[in-house]
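[1] Generate a structure from the sequence data that follows.
(chains A, B, C and D)
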Protein chains: 2
Amino acid sequence: MKRATLIPVDMSTIPELKQPTALPAELRACTGFLLARLGYAMKAITIQEFEREGFSMYQFSVLAVLAEGVVETQAKIADTLTLDRGQLVGILDDLEEAGLVERRRDPSDRRRHTVSLTPAGKKRLVKMRSIVERIEDSFLEPLDEKARAALHDALLRVAENRDQRFQQR
Amino acid sequence: MKRATLIPVDMSTIPELKQPTALPAELRACTGFLLARLGYAMKAITIQEFEREGFSMYQFSVLAVLAEGVVETQAKIADTLTLDRGQLVGILDDLEEAGLVERRRDPSDRRRHTVSLTPAGKKRLVKMRSIVERIEDSFLEPLDEKARAALHDALLRVAENRDQRFQQR
DNA sequence: CTCCAATCGTTGAACAGATCTACGATGAAG
DNA sequence: CTTCATCGTAGATCTGTTCAACGATTGGAG
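    The predicted structure follows:
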(Lines give C-alpha, C1' and ligand atoms only; values in the text may rest on other atoms or scores of the structure.)
Protein backbone atom coordinates (compact mmCIF):
# COMPACT_ATOMS: atom_id res chain seq x y z
CA MET A 1 0.00 0.00 0.00
CA LYS A 2 1.36 3.28 -1.06
CA ARG A 3 0.70 6.50 0.71
CA ALA A 4 0.15 9.59 -1.30
CA THR A 5 -0.30 13.22 -0.68
CA LEU A 6 -2.89 15.43 -2.11
CA ILE A 7 -4.79 18.33 -1.13
CA PRO A 8 -8.08 18.52 -2.55
CA VAL A 9 -6.09 18.16 -5.65
CA ASP A 10 -2.45 18.72 -5.62
CA MET A 11 0.19 17.37 -3.40
CA SER A 12 3.06 18.38 -1.28
CA THR A 13 4.53 17.89 2.10
CA ILE A 14 2.37 19.03 4.93
CA PRO A 15 4.30 19.41 8.11
CA GLU A 16 2.75 20.23 11.42
CA LEU A 17 0.71 23.33 11.37
CA LYS A 18 3.00 26.06 12.50
CA GLN A 19 2.28 29.23 14.29
CA PRO A 20 2.06 32.09 11.87
CA THR A 21 4.17 35.07 12.77
CA ALA A 22 3.82 38.73 11.99
CA LEU A 23 4.53 39.21 8.34
CA PRO A 24 6.34 42.14 6.80
CA ALA A 25 4.01 44.67 5.29
CA GLU A 26 5.45 44.03 1.88
CA LEU A 27 4.30 40.45 1.91
CA ARG A 28 1.02 41.20 3.57
CA ALA A 29 0.32 43.62 0.75
CA CYS A 30 0.88 40.94 -1.83
CA THR A 31 -2.23 39.11 -2.95
CA GLY A 32 -0.32 36.24 -4.45
CA PHE A 33 1.57 35.70 -1.30
CA LEU A 34 -1.54 35.62 0.81
CA LEU A 35 -3.17 33.29 -1.63
CA ALA A 36 -0.28 30.88 -1.50
CA ARG A 37 -0.03 31.06 2.24
CA LEU A 38 -3.71 30.62 2.92
CA GLY A 39 -3.98 27.90 0.34
CA TYR A 40 -1.28 26.10 2.17
CA ALA A 41 -2.93 26.63 5.52
CA MET A 42 -6.24 25.46 4.16
CA LYS A 43 -4.65 22.34 2.89
CA ALA A 44 -2.81 21.65 6.09
CA ILE A 45 -5.93 22.11 8.16
CA THR A 46 -7.96 19.92 5.88
CA ILE A 47 -5.45 17.12 6.02
CA GLN A 48 -5.27 17.45 9.77
CA GLU A 49 -9.00 17.47 10.34
CA PHE A 50 -9.63 14.56 8.06
CA GLU A 51 -6.99 12.57 9.80
CA ARG A 52 -8.42 13.42 13.16
CA GLU A 53 -11.67 11.79 12.13
CA GLY A 54 -9.85 8.81 10.77
CA PHE A 55 -10.34 9.72 7.15
CA SER A 56 -8.10 10.99 4.42
CA MET A 57 -8.54 14.05 2.30
CA TYR A 58 -7.24 12.19 -0.69
CA GLN A 59 -10.06 9.77 -0.41
CA PHE A 60 -12.50 12.62 -0.34
CA SER A 61 -11.16 14.05 -3.56
CA VAL A 62 -11.38 10.76 -5.31
CA LEU A 63 -14.85 10.01 -4.04
CA ALA A 64 -15.95 13.46 -5.14
CA VAL A 65 -14.72 12.80 -8.64
CA LEU A 66 -16.46 9.47 -8.76
CA ALA A 67 -19.68 10.98 -7.52
CA GLU A 68 -19.96 12.94 -10.72
CA GLY A 69 -21.35 9.81 -12.24
CA VAL A 70 -19.27 9.66 -15.38
CA VAL A 71 -17.64 6.31 -15.81
CA GLU A 72 -14.10 6.84 -14.71
CA THR A 73 -10.93 5.01 -15.40
CA GLN A 74 -7.96 5.39 -13.12
CA ALA A 75 -6.08 7.42 -15.64
CA LYS A 76 -8.90 9.93 -15.90
CA ILE A 77 -9.21 10.27 -12.18
CA ALA A 78 -5.50 10.79 -11.77
CA ASP A 79 -5.43 13.44 -14.47
CA THR A 80 -8.38 15.26 -13.02
CA LEU A 81 -6.73 15.42 -9.65
CA THR A 82 -3.27 16.10 -11.05
CA LEU A 83 -2.04 12.98 -9.40
CA ASP A 84 0.60 10.57 -10.52
CA ARG A 85 -1.14 7.39 -11.55
CA GLY A 86 1.08 5.47 -9.25
CA GLN A 87 -0.10 7.54 -6.32
CA LEU A 88 -3.71 6.95 -7.14
CA VAL A 89 -3.18 3.22 -6.97
CA GLY A 90 -2.50 3.42 -3.27
CA ILE A 91 -5.47 5.63 -2.58
CA LEU A 92 -7.76 3.32 -4.49
CA ASP A 93 -6.31 0.33 -2.70
CA ASP A 94 -7.37 1.86 0.59
CA LEU A 95 -10.76 2.88 -0.70
CA GLU A 96 -11.38 -0.53 -2.11
CA GLU A 97 -10.25 -2.28 1.02
CA ALA A 98 -12.69 -0.12 2.96
CA GLY A 99 -15.42 -1.14 0.55
CA LEU A 100 -16.08 2.40 -0.61
CA VAL A 101 -15.14 1.82 -4.19
CA GLU A 102 -15.16 -0.94 -6.74
CA ARG A 103 -12.55 -1.65 -9.36
CA ARG A 104 -13.67 -3.67 -12.33
CA ARG A 105 -12.02 -4.53 -15.58
CA ASP A 106 -13.55 -2.52 -18.34
CA PRO A 107 -14.98 -5.17 -20.67
CA SER A 108 -14.61 -2.90 -23.67
CA ASP A 109 -10.94 -2.34 -23.00
CA ARG A 110 -9.49 -4.89 -20.72
CA ARG A 111 -6.46 -2.81 -19.89
CA ARG A 112 -8.58 -0.38 -17.99
CA HIS A 113 -10.19 -0.46 -14.63
CA THR A 114 -13.55 1.10 -14.20
CA VAL A 115 -13.86 2.59 -10.77
CA SER A 116 -17.23 3.23 -9.19
CA LEU A 117 -18.72 4.23 -5.88
CA THR A 118 -20.34 1.62 -3.71
CA PRO A 119 -23.34 2.56 -1.57
CA ALA A 120 -20.98 2.67 1.39
CA GLY A 121 -18.80 5.03 -0.59
CA LYS A 122 -21.69 7.36 -1.22
CA LYS A 123 -22.51 7.36 2.42
CA ARG A 124 -18.96 8.08 3.38
CA LEU A 125 -18.86 10.94 0.93
CA VAL A 126 -21.81 12.53 2.66
CA LYS A 127 -20.02 12.34 5.97
CA MET A 128 -16.90 13.77 4.46
CA ARG A 129 -18.79 16.67 2.98
CA SER A 130 -19.84 17.73 6.42
CA ILE A 131 -16.21 17.77 7.51
CA VAL A 132 -15.24 19.93 4.58
CA GLU A 133 -18.08 22.27 5.32
CA ARG A 134 -17.10 22.60 8.92
CA ILE A 135 -13.49 23.35 8.05
CA GLU A 136 -14.42 25.92 5.49
CA ASP A 137 -16.81 27.58 7.81
CA SER A 138 -14.22 27.94 10.49
CA PHE A 139 -11.61 29.12 8.06
CA LEU A 140 -13.78 31.80 6.52
CA GLU A 141 -15.16 32.85 9.87
CA PRO A 142 -14.33 36.56 9.56
CA LEU A 143 -16.21 36.87 6.29
CA ASP A 144 -19.94 37.33 6.06
CA GLU A 145 -22.10 35.53 3.55
CA LYS A 146 -21.66 38.16 0.93
CA ALA A 147 -17.91 38.35 1.25
CA ARG A 148 -17.66 34.60 1.06
CA ALA A 149 -19.66 34.49 -2.10
CA ALA A 150 -17.51 37.20 -3.61
CA LEU A 151 -14.37 35.37 -2.62
CA HIS A 152 -15.62 32.16 -4.10
CA ASP A 153 -16.61 33.90 -7.27
CA ALA A 154 -13.24 35.55 -7.63
CA LEU A 155 -11.37 32.32 -7.06
CA LEU A 156 -13.56 30.47 -9.47
CA ARG A 157 -13.08 33.06 -12.14
CA VAL A 158 -9.34 32.97 -11.76
CA ALA A 159 -9.34 29.19 -11.82
CA GLU A 160 -11.43 28.98 -14.93
CA ASN A 161 -9.42 31.62 -16.64
CA ARG A 162 -6.36 29.51 -16.04
CA ASP A 163 -7.98 26.40 -17.37
CA GLN A 164 -9.03 28.23 -20.49
CA ARG A 165 -5.58 29.57 -21.12
CA PHE A 166 -4.17 26.10 -20.90
CA GLN A 167 -6.69 24.62 -23.22
CA GLN A 168 -5.93 27.17 -25.87
CA ARG A 169 -2.61 25.53 -26.58
CA MET B 1 24.96 25.04 -0.14
CA LYS B 2 21.59 23.78 0.73
CA ARG B 3 18.57 24.18 -1.42
CA ALA B 4 15.32 25.02 0.21
CA THR B 5 11.81 25.44 -0.86
CA LEU B 6 9.53 28.17 0.10
CA ILE B 7 6.76 29.94 -1.31
CA PRO B 8 6.49 33.34 -0.32
CA VAL B 9 6.45 31.75 3.00
CA ASP B 10 5.79 28.14 3.32
CA MET B 11 7.32 25.23 1.62
CA SER B 12 6.55 22.14 -0.31
CA THR B 13 7.46 20.33 -3.42
CA ILE B 14 6.70 22.11 -6.61
CA PRO B 15 6.75 19.83 -9.57
CA GLU B 16 6.32 20.98 -13.13
CA LEU B 17 3.22 22.97 -13.64
CA LYS B 18 0.64 20.56 -14.86
CA GLN B 19 -2.30 21.11 -17.08
CA PRO B 20 -5.41 21.59 -15.03
CA THR B 21 -8.29 19.40 -16.04
CA ALA B 22 -12.02 19.83 -15.74
CA LEU B 23 -12.92 19.55 -12.11
CA PRO B 24 -16.02 17.90 -10.72
CA ALA B 25 -18.68 20.39 -9.78
CA GLU B 26 -18.44 19.35 -6.16
CA LEU B 27 -14.87 20.46 -5.92
CA ARG B 28 -15.39 23.56 -8.00
CA ALA B 29 -18.09 24.56 -5.57
CA CYS B 30 -15.75 24.29 -2.64
CA THR B 31 -14.02 27.51 -1.68
CA GLY B 32 -11.36 25.79 0.34
CA PHE B 33 -10.50 23.55 -2.50
CA LEU B 34 -10.14 26.42 -4.92
CA LEU B 35 -8.09 28.30 -2.41
CA ALA B 36 -5.71 25.42 -1.96
CA ARG B 37 -5.47 24.75 -5.64
CA LEU B 38 -4.92 28.34 -6.67
CA GLY B 39 -2.51 28.92 -3.85
CA TYR B 40 -0.55 26.02 -5.13
CA ALA B 41 -0.67 27.26 -8.68
CA MET B 42 0.38 30.71 -7.59
CA LYS B 43 3.32 29.29 -5.79
CA ALA B 44 4.34 27.11 -8.69
CA ILE B 45 4.15 29.97 -11.13
CA THR B 46 6.08 32.24 -8.87
CA ILE B 47 8.85 29.74 -8.43
CA GLN B 48 8.94 29.13 -12.14
CA GLU B 49 9.02 32.76 -13.13
CA PHE B 50 11.66 33.68 -10.64
CA GLU B 51 13.80 30.85 -11.84
CA ARG B 52 13.36 31.91 -15.42
CA GLU B 53 14.89 35.25 -14.58
CA GLY B 54 17.69 33.61 -12.72
CA PHE B 55 16.36 34.49 -9.30
CA SER B 56 14.77 32.57 -6.51
CA MET B 57 11.51 33.23 -4.79
CA TYR B 58 13.01 32.29 -1.48
CA GLN B 59 15.47 35.04 -1.82
CA PHE B 60 12.67 37.45 -2.47
CA SER B 61 10.88 36.49 0.69
CA VAL B 62 13.97 36.90 2.76
CA LEU B 63 14.89 40.21 1.20
CA ALA B 64 11.36 41.42 1.79
CA VAL B 65 11.61 40.58 5.44
CA LEU B 66 14.94 42.32 5.75
CA ALA B 67 13.61 45.40 4.00
CA GLU B 68 11.30 46.00 6.92
CA GLY B 69 14.26 47.56 8.60
CA VAL B 70 14.12 45.81 11.92
CA VAL B 71 17.43 44.27 12.78
CA GLU B 72 16.93 40.62 12.10
CA THR B 73 18.63 37.55 13.37
CA GLN B 74 18.45 34.36 11.43
CA ALA B 75 16.12 32.80 13.91
CA LYS B 76 13.64 35.62 13.56
CA ILE B 77 13.71 35.51 9.81
CA ALA B 78 13.18 31.79 9.78
CA ASP B 79 10.26 32.02 12.17
CA THR B 80 8.64 34.80 10.22
CA LEU B 81 8.81 32.77 7.05
CA THR B 82 7.91 29.49 8.74
CA LEU B 83 11.20 28.08 7.61
CA ASP B 84 13.43 25.59 9.26
CA ARG B 85 16.53 27.42 10.42
CA GLY B 86 18.63 24.94 8.58
CA GLN B 87 16.87 25.79 5.35
CA LEU B 88 17.44 29.46 5.82
CA VAL B 89 21.15 28.90 6.12
CA GLY B 90 21.35 27.83 2.51
CA ILE B 91 19.27 30.71 1.26
CA LEU B 92 21.39 33.18 3.15
CA ASP B 93 24.55 31.56 1.86
CA ASP B 94 23.37 32.25 -1.67
CA LEU B 95 22.29 35.77 -0.88
CA GLU B 96 25.55 36.52 0.81
CA GLU B 97 27.59 35.07 -1.98
CA ALA B 98 25.69 37.28 -4.39
CA GLY B 99 26.48 40.25 -2.21
CA LEU B 100 22.84 41.03 -1.51
CA VAL B 101 23.02 40.50 2.18
CA GLU B 102 25.50 40.79 5.00
CA ARG B 103 25.88 38.49 7.95
CA ARG B 104 27.59 39.93 10.96
CA ARG B 105 28.09 38.63 14.45
CA ASP B 106 25.82 40.43 16.80
CA PRO B 107 28.22 42.11 19.21
CA SER B 108 25.64 42.08 21.98
CA ASP B 109 25.12 38.34 21.65
CA ARG B 110 27.88 36.66 19.83
CA ARG B 111 25.85 33.56 19.14
CA ARG B 112 23.67 35.48 16.80
CA HIS B 113 24.10 36.72 13.29
CA THR B 114 22.65 40.03 12.32
CA VAL B 115 21.53 39.94 8.74
CA SER B 116 21.11 43.12 6.75
CA LEU B 117 20.50 44.23 3.20
CA THR B 118 23.34 45.62 1.17
CA PRO B 119 22.68 48.38 -1.36
CA ALA B 120 22.86 45.71 -4.04
CA GLY B 121 20.29 43.77 -2.09
CA LYS B 122 17.93 46.71 -2.04
CA LYS B 123 18.33 47.12 -5.73
CA ARG B 124 17.68 43.50 -6.36
CA LEU B 125 14.57 43.65 -4.25
CA VAL B 126 13.21 46.40 -6.47
CA LYS B 127 13.74 44.27 -9.52
CA MET B 128 12.11 41.32 -7.83
CA ARG B 129 9.10 43.36 -6.90
CA SER B 130 8.44 44.01 -10.54
CA ILE B 131 8.49 40.29 -11.20
CA VAL B 132 6.01 39.66 -8.44
CA GLU B 133 3.80 42.38 -9.75
CA ARG B 134 3.86 40.98 -13.23
CA ILE B 135 3.00 37.50 -12.04
CA GLU B 136 0.16 38.72 -9.91
CA ASP B 137 -1.21 40.81 -12.66
CA SER B 138 -1.28 37.93 -15.05
CA PHE B 139 -2.76 35.62 -12.47
CA LEU B 140 -5.57 37.95 -11.50
CA GLU B 141 -6.23 38.93 -15.07
CA PRO B 142 -9.94 38.13 -15.09
CA LEU B 143 -10.61 40.37 -12.12
CA ASP B 144 -11.06 44.11 -12.36
CA GLU B 145 -9.52 46.53 -9.92
CA LYS B 146 -12.42 46.38 -7.57
CA ALA B 147 -12.62 42.63 -7.49
CA ARG B 148 -8.91 42.40 -6.86
CA ALA B 149 -9.16 44.75 -3.96
CA ALA B 150 -12.03 42.77 -2.53
CA LEU B 151 -10.13 39.54 -2.95
CA HIS B 152 -7.09 40.96 -1.26
CA ASP B 153 -9.16 42.29 1.56
CA ALA B 154 -10.88 38.99 2.11
CA LEU B 155 -7.63 37.07 2.12
CA LEU B 156 -6.04 39.52 4.46
CA ARG B 157 -8.91 39.34 6.87
CA VAL B 158 -8.82 35.59 6.92
CA ALA B 159 -5.08 35.59 7.40
CA GLU B 160 -5.20 38.03 10.27
CA ASN B 161 -8.03 36.22 11.88
CA ARG B 162 -5.92 33.11 11.86
CA ASP B 163 -2.94 34.88 13.34
CA GLN B 164 -5.10 36.25 16.10
CA ARG B 165 -6.54 32.91 16.97
CA PHE B 166 -3.08 31.47 17.26
CA GLN B 167 -1.82 34.22 19.44
CA GLN B 168 -4.63 33.75 21.89
CA ARG B 169 -3.09 30.54 23.12
C1' DC C 1 -3.24 -12.60 -39.32
C1' DT C 2 1.13 -10.70 -37.56
C1' DC C 3 4.03 -7.19 -35.78
C1' DC C 4 4.79 -3.05 -33.64
C1' DA C 5 3.79 0.89 -31.13
C1' DA C 6 0.99 2.80 -27.63
C1' DT C 7 -1.85 2.61 -23.40
C1' DC C 8 -3.49 0.75 -18.97
C1' DG C 9 -2.60 -0.20 -14.08
C1' DT C 10 1.05 -1.48 -11.12
C1' DT C 11 5.48 -1.69 -8.83
C1' DG C 12 9.75 -0.25 -7.20
C1' DA C 13 13.75 2.64 -7.61
C1' DA C 14 15.48 7.35 -7.77
C1' DC C 15 15.07 11.94 -6.28
C1' DA C 16 13.83 16.27 -3.80
C1' DG C 17 12.76 18.66 -0.13
C1' DA C 18 11.35 18.92 4.86
C1' DT C 19 12.31 17.50 9.43
C1' DC C 20 15.15 16.05 13.16
C1' DT C 21 19.47 15.44 15.72
C1' DA C 22 23.91 16.73 17.05
C1' DC C 23 27.62 19.93 17.37
C1' DG C 24 30.66 23.89 18.76
C1' DA C 25 30.23 28.44 20.34
C1' DT C 26 28.15 31.55 23.32
C1' DG C 27 25.31 33.37 26.91
C1' DA C 28 22.33 33.47 31.31
C1' DA C 29 21.34 31.84 35.92
C1' DG C 30 22.55 30.04 40.19
C1' DC D 1 32.47 27.41 37.70
C1' DT D 2 28.77 24.52 36.44
C1' DT D 3 24.60 23.76 34.20
C1' DC D 4 21.40 24.58 30.96
C1' DA D 5 19.39 27.03 26.97
C1' DT D 6 20.09 29.33 22.49
C1' DC D 7 22.46 30.57 18.23
C1' DG D 8 23.87 29.12 13.49
C1' DT D 9 25.41 25.17 11.08
C1' DA D 10 25.95 20.51 9.08
C1' DG D 11 24.44 15.93 8.31
C1' DA D 12 21.41 12.08 8.64
C1' DT D 13 16.76 10.68 8.14
C1' DC D 14 12.05 10.56 6.58
C1' DT D 15 8.31 11.44 3.60
C1' DG D 16 6.29 12.10 -0.51
C1' DT D 17 6.87 12.96 -5.64
C1' DT D 18 8.70 11.65 -9.94
C1' DC D 19 10.49 8.48 -13.11
C1' DA D 20 11.41 3.98 -15.41
C1' DA D 21 10.13 -0.54 -16.29
C1' DC D 22 6.90 -4.42 -16.39
C1' DG D 23 3.04 -7.60 -18.07
C1' DA D 24 -1.32 -7.32 -20.13
C1' DT D 25 -3.94 -5.49 -23.68
C1' DT D 26 -5.35 -2.83 -27.67
C1' DG D 27 -5.25 -0.66 -32.31
C1' DG D 28 -3.13 0.00 -36.64
C1' DA D 29 -0.01 -1.00 -40.62
C1' DG D 30 1.41 -4.09 -43.62
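
[2] Going along the chain, name the helices of chain A.
    A:25-28, A:31-52, A:57-67, A:74-80, A:85-97, A:119-139, A:145-167 (DSSP state H).

[3] For the first one, name the packing helices and strands.
    On a contact count with 3 or more C-beta pairs under 8 Å, 6 or more residues apart in numbering or on different chains; DSSP states H and E, helix A:25-28 meets helix B:57-67. Heads up, the C-betas are built off the backbone N, CA and C, glycines and all.

[4] Need the mean per-residue confidence for the helix it packs on.
    Taken as a whole, helix B:57-67 has a mean pLDDT of 94.

[5] quick check, it touching chain A?
    Yes: interface with chain A: helix B:57-67 contributes B:61, B:64, B:65, B:67 (C-beta under 8 Å from any C-beta of the partner chain).

[6] ok, the third one touching residue A:24?
    To tie it back to what came earlier, the one meant is residue B:65. Yes: between residue B:65 and residue A:24 there is a contact under C-beta atoms under 8 Å: 5.1 Å.

[7] what is in contact with those two at once?
    residue B:80 (C-beta atoms under 8 Å, 6 or more residues apart in numbering or on different chains).

[8] re the thing from before, please produce CSV containing the helices of chain A, extended by mean neighbour count and distance to DNA strand D.
    Written out in CSV, the entries for the helices of chain A read as follows (neighbours: other C-beta atoms under 10 Å in any protein chain shown; distance: least, C-beta to the nearest atom of the strand, whole Å):
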stretch, mean neighbour count, distance to DNA strand D
helix A:25-28, 16, 20
helix A:31-52, 22, 9
helix A:57-67, 24, 9
helix A:74-80, 18, 10
helix A:85-97, 17, 4
helix A:119-139, 15, 19
helix A:145-167, 16, 17
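
[9] can you tell me which of those comes nearest to residue B:92?
    helix A:25-28 (17.7 Å; C-beta to C-beta).

[10] Where does the prediction get shaky in chain A?
    A:1-21, A:166-169 (pLDDT under 70).

[11] residue in it nearest to chain B?
    Distances between chain A and chain B by C-beta to the nearest C-beta are smallest at residue A:39, namely 1.6 Å.

[12] And that residue, how far from residue B:158?
    11 Å (C-beta to C-beta, to the nearest Å).

[13] Count the residues that sit near residue A:22.
    11 (other C-beta atoms under 10 Å in any protein chain shown).

[14] Next up, the contacts around it.
    B:80, B:163.

[15] Just confirm residue A:96 contacts residue A:113, I think it does.
    No: with contact defined as C-beta under 8 Å, residue A:96 does not reach residue A:113; the gap is 10.1 Å.

[16] between these two, what contacts are shared?
    What both residue A:96 and residue A:113 touch, as defined by C-beta under 8 Å, 6+ apart, is the set residue A:103.

[17] gap between residue A:57 and residue B:45?
    Residue A:57 is 23 Å from residue B:45, by C-beta to C-beta.

[18] can you check residue A:35 too?
    With C-beta to C-beta as the criterion, residue A:35 and residue B:45 are 11 Å apart.

[19] do the same with residue A:152
    Residue A:152 is 21 Å from residue B:45, by C-beta to C-beta.

[20] same check, this time on residue A:36
    10 Å.

[21] Please apply the same query to residue A:128.
    Distance from residue A:128 to residue B:45, by C-beta to C-beta: 30 Å.

[22] go on, residue A:64?
    25 Å.

[23] and what of residue A:111?
    Distance, residue A:111 to residue B:45, by C-beta to C-beta: 35 Å.

[24] And for residue A:119?
    For residue A:119, the distance to residue B:45 - C-beta to C-beta - is 41 Å.

[25] do the same with residue A:62
    In terms of C-beta to C-beta, residue A:62 sits 26 Å off from residue B:45.

[26] thinking again about what came up before, find the residues that touch each one of residue A:36 and residue B:45.
    Counting by C-beta under 8 Å, 6+ apart, nothing touches both residue A:36 and residue B:45.

[27] for the closest residue in space to residue A:96 that isn't next to it in sequence, which residues make a bridge with it?
    Leaving aside its sequence neighbours, residue A:96 sits nearest to residue A:103 (C-beta to C-beta, 6 or more residues apart in numbering or on different chains; 5.8 Å). Judged by DSSP bridges, the bridge partners of residue A:103 are residue A:115.
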